[in-house]
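Student: kindly generate the corresponding structure for this input.
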Amino acid sequence: MNIGAVVEYIDQQKIISAVILSQQKGKLRLLNENSREVNFSENRLSHIAPLRLDTAQPRTTLVNSLKEITENRKKLSEAIDIRELWEILHEESGDIDISAMTLFCFDPPLTPDHEAAVIRAFFKDRLYFKFNKLLFAPYTPDQVKAKKRQIEETEKKEHIIQKGIQWLTAMSKSGNESARPDGAVLEILKSYYLFGSDSNTSAMARQMIKKSGLTTPDPLFNYFVRCGIWDTDENLDLLTLQVPTRFSDPVMQTAKKLSRTHAAVYKDPCRKDLTHLPLVTIDGQSTLDYDDAISLESTEGGYCLGIHIIDVGAYIKSGDPIDMAARQRGSSIYMPDDKLPMIPSSLSEDLCSLRQDELRPGISTLIQMNRFFEVRDYKIVPSIIKVHQQMSYTEANLLNGKNDPITSLYKIATLLREKRLKAGAIQITLPEVNVWLEENREIRYSKVDRENPSRMLVSEMMIFANSLMAKFLADNEVPAVFRSQAPPKQRLFSGIELALMPNFMQRKQLSRAVIGTTPESHSGLGVKAYVTATSPIRRYHDLLTQRQIKAILGFGQPYSKQELDEILQTISIPMVNAGRIQGSRKRYWLIKYLESVKGQDFEALVLERHRDYYNILIKEFMLEARMPASGYQLKSGDLIQVAIQHADARRNQLSLFPA
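Tutor: Here you go, the predicted model:
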């Protein structure tokens, strides 16, 4: 290649003119039109002209000559109508070389500048021709349409990116309040904040963030709060897990229709009228959805214990809009600041709730006992029931010991528990902390002893009913949502242990609970088979099992094992998500509360020691946290005083130090 030859190359999507100053083994040293010397490989050149410049001339003269050449070629290229050429040539087959294309574009005589102008024109407009190594091939009309759509989409994306940059730049200025961003910008930035690189538009979001001067997406949360898009305490888990928070119009319309047409259920001759039984519900004070009630009446030989569950399936049919919405949710989600019901609240808190003095369809488990509360027989019947009294746990505790039916129910529950414990049940007695928000958003909490009489009573009655329903299903060889659990890896205590540390250690030794469609023993509960069917308002598993029981009783067809397996697979993720959200939201509000008591001391239990930290439990809140291990010699089971050094609920951060 000759020294002084004028060449062109592409740099950052621009064609640059240059002159060859020297060459060695295919490597060229060039002086370009911008007066810069660059090293280039000759196979990267886009055009080589026979035109030569005298490299002995001053550098300024060479650069000016290159600029003149460039300007001339630009003017020539602007005269080329590529679309018109395509209209003429698009039906031609085969490639067109640079010489032929130059003849199509210009009349003779032709110069190297004309040829270079053709390359510039086709490099700038690549809509109509495929251009590679000085060969041109016209695209088909369909290909041109597709490329036009692609260009339009690219331009649209660039427009959105520019809008995003403008909004972020405005928001980044201290104290500057800006209007909500463009809808497309908002969705792109929200998606990136929630899902990171998994977002389909993450590349666009990264460009917005980078070009607006931000280094991370972290400030986006505060920007969204300032614009009223998110709340200060926005529940991001609901967004990242894409949990439905509203019911569709068809679901709400179906619920409304049910509320008007339910009366026929109470006239069903296949249901046993048990409205004479004195049913009582025992729940928390804030409960609005009542799904279970208990009754106890004296008989000639002893007692009849009744455990009654609202028959949700009497209203919600398998496969209807409400049922499919409930299946999508898997369960209700209870949080300190909100509740997401599995079925619309017009049903869960009214028609499908055992409200006092209201007729309701039920599935009743009636257990015949002798005067020593020993079980003699049981039966499960479809029923019509009516709650006579709705009672809180506190009210039930006050009645215990006053020769009230509650006292007898507590005695029965105690005997049922003793029987389970003798069968190998492991009772974990860790307290529970309830957290809620007052109307003024003040955070309140209470520590609940799950072993107090009324809570123990209700727990044992539900375990008893569920185990009897599991036996009923197993005896009738009907598949259901059975729960099982293998024996623990190690048994650390028997009976009831109230100390915290043994309960934490024993909980770690428990085997994983398994859900399947065939009955197996549940070691943790000490029963041969177990289902959950006592909370059909709030758990889809329970609704499924209730339908299987009703099928045995003559109400509809049961699900096959395959159908159940498929449904269980569908709802497994929503069920996991519900548990995760409930746990993380409770932790959020506890840490939020601790933000206001920094420096305050609390008693803590050392659970485990790791190399760099201790895992401890703040007893007041039953909240686990880490504490640095350096400088302290502690062991599992030690009680210590800790102070809150730093708490940040949004970042799930809690730093402690010994007081």
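
Student: using PDB, write down the CA coordinates of stretch 46-55.
Tutor: The C-alpha trace of stretch 46-55 is given here as PDB (Å, rounded to 0.1, in the frame of the first residue of the first chain):
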ATOM      1  CA  SER A  46     -13.500   1.100   4.500                       C
ATOM      2  CA  HIS A  47     -12.100   2.700   1.300                       C
ATOM      3  CA  ILE A  48      -8.700   3.100  -0.400                       C
ATOM      4  CA  ALA A  49      -8.300   5.700  -3.100                       C
ATOM      5  CA  PRO A  50      -5.500   5.800  -5.700                       C
ATOM      6  CA  LEU A  51      -5.300   9.500  -4.800                       C
ATOM      7  CA  ARG A  52      -2.100  10.400  -3.100                       C
ATOM      8  CA  LEU A  53      -0.900  13.300  -1.000                       C
ATOM      9  CA  ASP A  54       2.700  14.400  -0.600                       C
ATOM     10  CA  THR A  55       3.500  13.400   3.000                       C
END
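
Student: buried stuff in that stretch?
Tutor: Neighbour-count burial for stretch 46-55, counted by 16 or more other Cβ atoms under 10 Å, picks out Ser46, His47, Ile48, Ala49, Leu51, Leu53. To be clear about C-beta, it is placed using only N, CA and C from the backbone, and glycine gets the same treatment.

Student: which of those lies closest to Lys124?
Tutor: Of all the buried residues of stretch 46-55, the one sitting nearest Lys124 is Ser46; the distance, using Cβ to Cβ, is 12.5 Å.

Student: pretty sure that closest one contacts Tyr9?
Tutor: Yes: counting by Cβ atoms under 8 Å, Ser46 touches Tyr9, with 5.8 Å between them.

Student: which residues do these two both contact?
Tutor: Ile15 (Cβ atoms under 8 Å, 6 or more residues apart in numbering).

Student: okay, which residue is most central for this structure?
Tutor: Leu241 (1.0 Å; Cα atoms, centre = their mean).

Student: so who does that one touch?
Tutor: Residues near Leu241 by Cβ under 8 Å, 6+ apart: Asn577, Arg580, Ile581.

Student: now Ile310
Tutor: The neighbours of Ile310, taking Cβ under 8 Å, 6+ apart as the test, are Tyr290, Asp291, Asp292, Cys352, Ser353, Leu354, Arg360, Pro361, Gly362, Pro536, Ile537.

Student: ok, now Tyr290?
Tutor: Thr281, Asp283, Ile310, Ser353, Leu354, Arg355, Val387, Gln390.

Student: tell me the one of those residues nearest Asp542?
Tutor: Ile310 (10.3 Å).

Student: in the sheet, who's paired with that closest one?
Tutor: With DSSP bridges as the criterion, Ile310 is bridged to Gly362.

Student: and it, how far from Glu608?
Tutor: In this view, Ile310 and Glu608 are 43 Å apart by Cβ to Cβ, to the nearest Å.

Student: list only buried entries from the contacts of Leu241.
Tutor: The buried subset of the contacts of Leu241 (16+ other Cβ under 10 Å) comprises Asn577, Ile581.

Student: show me which of the contacts of Leu241 is closest to Arg417.
Tutor: Arg580 (30.3 Å).

Student: let me know whether that closest one touches Asp237 as I believe.
Tutor: Yes: at 6.9 Å, Arg580 counts as touching Asp237 under the criterion of Cβ under 8 Å.

Student: what's the burial count for Ala100?
Tutor: 13 (other Cβ atoms under 10 Å).

Student: and it, how far from Leu135?
Tutor: 10 Å.

Student: so Pro431 makes contact with Leu623?
Tutor: No: with contact defined as Cβ under 8 Å, Pro431 and Leu623 do not form a contacting pair (11.8 Å).

Student: which one of these two is surrounded by more residues?
Tutor: Counted by other Cβ under 10 Å, Pro431 and Leu623 do not tie: Leu623 has more neighbours, with 19 against 14.

Student: setting the sequence-adjacent residues aside, check what's closest to the more buried one.
Tutor: Of all residues not flanking Leu623 in the chain, Leu590 sits nearest, at 5.3 Å (Cβ to Cβ, 6 or more residues apart in numbering).

Student: host element of the one you found?
Tutor: helix 561-595 (DSSP states H and E).

Student: now that helix, how far from the centre of its chain.
Tutor: 9 Å (Cα atoms, centre = their mean, to the nearest Å).

Student: now the strand or helix carrying Glu297: buried residues?
Tutor: Assigned by DSSP H and E, Glu297 belongs to strand 292-298. Applying a neighbour-count criterion of 16+ other Cβ under 10 Å, the buried positions in strand 292-298 are Asp292, Ala293, Ile294, Ser295, Leu296.

Student: other residues contacting it?
Tutor: 274, 277-282, 303-310, 354, 385, 387, 405, 408-409, 412, 458, 461-462, 465, 534-535.

Student: counting only strands, which of the residues you listed make the cut?
Tutor: Among the contacts of strand 292-298, the ones falling in strands (DSSP state E) are 279-282, 303-310, 385, 387.

Student: got a PyMOL select line for the buried ones in those?
Tutor: Per 16+ other Cβ under 10 Å, the buried members of the ones in strands among the contacts of strand 292-298 correspond to this PyMOL selection:
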select buried, resi 279+280+281+282+303+304+305+306+307+308+309+310+385+387
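
Student: can I get the ones in strands among the contacts of strand 292-298 in CSV with distance to Asp542 and pLDDT?
Tutor: Shown next, in CSV, are those (distance: Cβ to Cβ, whole Å; pLDDT from 0 to 100):
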residue, distance to Asp542, pLDDT
Leu279, 19, 97
Val280, 21, 97
Thr281, 16, 97
Ile282, 18, 95
Tyr303, 26, 95
Cys304, 24, 97
Leu305, 20, 97
Gly306, 18, 98
Ile307, 13, 98
His308, 14, 98
Ile309, 8, 98
Ile310, 10, 97
Ile385, 17, 97
Val387, 19, 97
